[in-house]
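Novice: give me a model of this one.
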Amino acid sequence: MKKNRIITASAIVLACIWFGGCASNGTKQDSKATDQSAVVENAVNTETLGTTESMEADTTEKDTEDAAVLADGVYTAEFQTDSSMFHVSEACDGKGTLTVENGEMTIHISLASKKILNLYCGLAEDAAKEGAELLMPTEDTVTYSDGLTEEVYGFDVPVPAIDQEFDLALIGTKGKWYDHKVTVSDPQPVSDEQTQAGAADGLEDGSYTVELTFEGGSGKAQILSPATINVADGNVTATVQWSSENYDYMIVGGEKYLPLSTEGGSVFEIPVLAFDEPMDVIGDTVAMSKPHEIEYKITFLSDTIKAVE
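Specialist: Have a look, this model is predicted:
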């Protein structure tokens, strides 16, 4: 009888140990499963957060790119370089003329002298290779604030993006290519209809004559005075005649104008942007060995306006 009690007690103890162990294992398994679920949840949350941040970054980047896209037109823009030896002419106040056409951007810059012979969009080592497409100079005439003029080299430089640095190599009279970084920034539209509308204040539609003053160039050619102006719907245009037949186009407000005729002197119809203030224009002459652009200033004098009868 005593022996049976011992066996029974032993069985009970073993059962308790067995079930206790199972319960402990179950608790550990449940705890492990809970920990694994937490890890998975954290991973999902982290991945979701990363995806959201990435999407937000992509959206911000796209918005920035969209904002940098300029509408077709003509602008003035800052042209910065990484060297004090490479810069636009002092007469240009650090700026060039930026033209946007079909989304492609080009800036015309007039440099400080004729010492830079070519530019290359890229690195100097590539510019020196055979077949490299070099930017050729134009001959520009710049006018300083004191009225003095100077002939310098200018270049039409393709612009990949606004406010982003890009490579532009140069070669000078020493025959060696140098690497440089440049940036085009702060584009501002050149003139607009409001400017012309202001010029037409007080004038009825019709034809008039007006005296003008003329500055720039070597003095060998000039625009004749008086000129004829026409007013229509608030817009003012002038028919101007050069003393030379050698002008094949003019640029006013960033727009190019071709001659109406050249017999007896090149004749152009150009917009009048203002009266009694110097108006910057460019005339391209073919009188020399190769064409080059020259900067001039025309001032239309409002107190000389007379109606054409």
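Novice: just list whatever residues bridge to Glu269.
Specialist: Glu269 has these beta-bridge partners by DSSP bridges: Thr239.
Novice: quick check, it in contact with Gln241.
Specialist: No. The pair Glu269 and Gln241 does not pass the contact test of CB atoms under 8 Å, sitting 10.7 Å apart. Glycine gets a C-beta too; all of them are placed from N, C-alpha and C.
Novice: ok, the two, which is more surrounded?
Specialist: Just comparing Glu269 and Gln241: by other CB atoms under 10 Å the higher neighbour count belongs to Gln241, 19 against 15.
Novice: quick one: residues contacting the more buried one.
Specialist: 223-224, 227, 264-267 (CB atoms under 8 Å, 6 or more residues apart in numbering).
Novice: for the stretch 201-309 of the chain, which segments are assigned as strands?
Specialist: Counting by DSSP state E, counting those that start in this stretch, residue ranges of the strands within the stretch 201-309 of the chain are 206-210, 212-216, 227-232, 235-241, 247-252, 255-257, 267-271, 279-285, 292-300, 306-307.
Novice: list the helices and strands the longest one packs on?
Specialist: I take that to be strand 292-300. Judged by 3 or more CB pairs under 8 Å, 6 or more residues apart in numbering; DSSP states H and E, the packing partners of strand 292-300 are strand 138-143, strand 149-159, strand 212-216, strand 279-285.
Novice: can you tell me the strand partners of the first one and which way each runs?
Specialist: It refers to strand 138-143. Strand 138-143 has these strand partners (DSSP bridges): strand 149-159 (antiparallel).
Novice: next, the angle strand 292-300 makes with the strand it pairs with.
Specialist: Note on geometry: by axes from the mean of the first three to the mean of the last three CA atoms, to 10 degrees, strand 149-159 and strand 292-300 are set 110 degrees apart in direction.
Novice: report the rounded mean pLDDT for strand 149-159.
Specialist: On average, the pLDDT along strand 149-159 is 92.
Novice: give me the low-pLDDT residue ranges for the stretch 201-309 of the chain?
Specialist: For the stretch 201-309 of the chain, residues meeting the criterion pLDDT under 70 lie at 201-202.
Novice: cool, and the stretch 1-150 of the chain?
Specialist: Scanning the stretch 1-150 of the chain for pLDDT under 70 picks out 1-68.
Novice: strands of that one, residue ranges please.
Specialist: For the stretch 1-150 of the chain, the strands defined by DSSP E, counting those that start in this stretch occupy 73-81, 95-101, 104-110, 116-120, 138-143, 149-159.
Novice: which residues does stretch 269-278 contact?
Specialist: Counting by CB under 8 Å, 6+ apart, 191, 195-196, 198-199, 210, 215, 229, 235-240, 250, 252-253, 255, 257, 260, 279, 281, 297-302 sit against stretch 269-278.
Novice: type out the PyMOL command that picks the buried ones from the residues you listed.
Specialist: Buried residues within these, by 16 or more other CB atoms under 10 Å, are selected in PyMOL with:
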select buried, resi 191+196+199+210+229+236+237+238+240+250+252+253+257+279+281+298+299+300+302
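Novice: for the strands of the stretch 201-309 of the chain, give me CSV that also has distance to Asp186.
Specialist: Below are the strands of the stretch 201-309 of the chain laid out as CSV (distance: least, CB to CB, whole Å):
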stretch, distance to Asp186
strand 206-210, 34
strand 212-216, 26
strand 227-232, 33
strand 235-241, 28
strand 247-252, 21
strand 255-257, 21
strand 267-271, 24
strand 279-285, 19
strand 292-300, 22
strand 306-307, 42
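Novice: can I see the domain layout of the chain?
Specialist: Domain ranges of the chain: 1-68, 73-189, 193-307, per automatic domain parsing.
Novice: what's the span of the longest one from first residue to last?
Specialist: Using CA to CA, to the nearest Å, the end-to-end distance of domain 73-189 comes out at 7 Å.
Novice: noted, bye for now.
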